[in-house]
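1. Please work out how this folds:
(one chain, ligands or ions: 1)
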Amino acid sequence: MTIDWVRGTCPRCGSDQVLHHVIGMPMLEAYESSPPWVVWEGCMGLGPERECEECEHSWQSEDVGFAEEPEPRYDARADEELPSEPAPLRVVGAVIVRGEQILTARRAPGKSTAGLWEFPGGKIEPEESPQQALIRELSEELGIEVEIGWLIGRGEGDAGDRDLHLDCYWARPVGAAPTASTDHDLLEWVDRRDLQGRDWAGPDVPIVETIVAGAVPRFRRS
Ligand SMILES: [Zn+2]
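-> This next block holds a predicted model:
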C-alpha cells in the first residue's frame, strides 16, 4: 500500500512546503510509506489540516479551492436524508499593482453585476489551486501573464442560492500591462488611496478596505 498524497501549495504565499496534519491512527504500512511532510496526529483533534512551513499559515483543506458538493445529511430521528447546503462558489480576484497604482475593472453591460467595479478574476475549476485559477483567468480575460503574490483576504457574497467566497491576491504583470478585458468595459489604474471612491461589487469591498488601510503588496521573490 502506498499513499498517493498531493502535497499542494500554500493558499496564502504559494509555497509548496506544505505539511499535512492527519488525525487518526494509520495502518503501519501507511505510516511507513507516507512522505515526511505527512504528520500523523493520533486520534485526538479536529481533522486533517494543512500548514505552510514558509509563512506559517494554517488552513482546512476543504476551505480552499474548488468546493465539492457536500453529501446529503442523514437525519436519524426522521430516518431520512436531507439535502445539504449547496457548496460555496469559490472565485479568485487579482489586485494587480504597478507602482502605487492598482488595476480596477468595471463589469460590462449584460454581465451580472454590470456597472460595478471589481478586481479581475473568476471561478476556480476542480483540481486547480487558487493561484492556478487566477493565472488562467487573467490570461483568458485580460490576455496577460502575471506573477501571483500573497493572499490579501476573503470577501463573501451570494451567488444565487449559494454562498460566494472571493479570495483576492496581489499580482503583477510579467511583460505587457493589460489594455482590454472580455468581461469589463473599462479598465482604470487607480492610486491606492483613491480606491474607495467608486461602486464596488459587494465581495470586493473588504479587500478594498484592507488595501486602503495599508496592506502592502507581497511576493515570494520581491
Ligand atoms: Zn505559506
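
2. residue ranges for the strands of this protein, please.
-> 18-22, 38-40, 49-52, 58-59, 73-75, 80-82, 89-98, 101-107, 117-118, 121-123, 146-159, 162-173, 184-191 (DSSP state E).

3. how about CSV for the ones you listed, with distance to the ion, mean neighbour count and mean pLDDT added?
-> Using the backbone N, CA and C atoms, a C-beta is placed for each residue, glycine as well. Listed next are these as CSV, based on distance: least, C-beta to the ion, whole Å; neighbours: other C-beta atoms under 10 Å; pLDDT from 0 to 100:
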stretch, distance to the ion, mean neighbour count, mean pLDDT
strand 18-22, 8, 18, 93
strand 38-40, 16, 15, 89
strand 49-52, 3, 18, 94
strand 58-59, 9, 14, 95
strand 73-75, 33, 10, 85
strand 80-82, 37, 10, 86
strand 89-98, 16, 23, 97
strand 101-107, 23, 21, 97
strand 117-118, 26, 22, 98
strand 121-123, 20, 19, 97
strand 146-159, 8, 18, 97
strand 162-173, 12, 21, 97
strand 184-191, 28, 15, 96
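
4. Quick check: which of the ones you listed is nearest to residue 66?
-> strand 89-98 (6.0 Å; C-beta to C-beta).

5. Is there proximity between the lengthiest helix in the chain and the ion?
-> Longest helix of the chain, by residue count under DSSP state H: helix 130-142. No - using C-beta under 5 Å from the ion, helix 130-142 never reaches the ion; the gap is at least 11.2 Å.

6. which helices and strands sit right next to that helix?
-> Counting contacts by 3 or more C-beta pairs under 8 Å, 6 or more residues apart in numbering; DSSP states H and E, helix 130-142 is packed against strand 89-98, strand 121-123, strand 146-159, strand 162-173.

7. Between those strands, which one is closest to residue 26.
-> That would be strand 89-98 among the helices and strands packed on helix 130-142, by C-beta to C-beta, at 29.8 Å.

8. what residues are up against residue 164?
-> By C-beta atoms under 8 Å, 6 or more residues apart in numbering, residue 164 lies in contact with 88, 89, 91, 156, 157, 158, 203.
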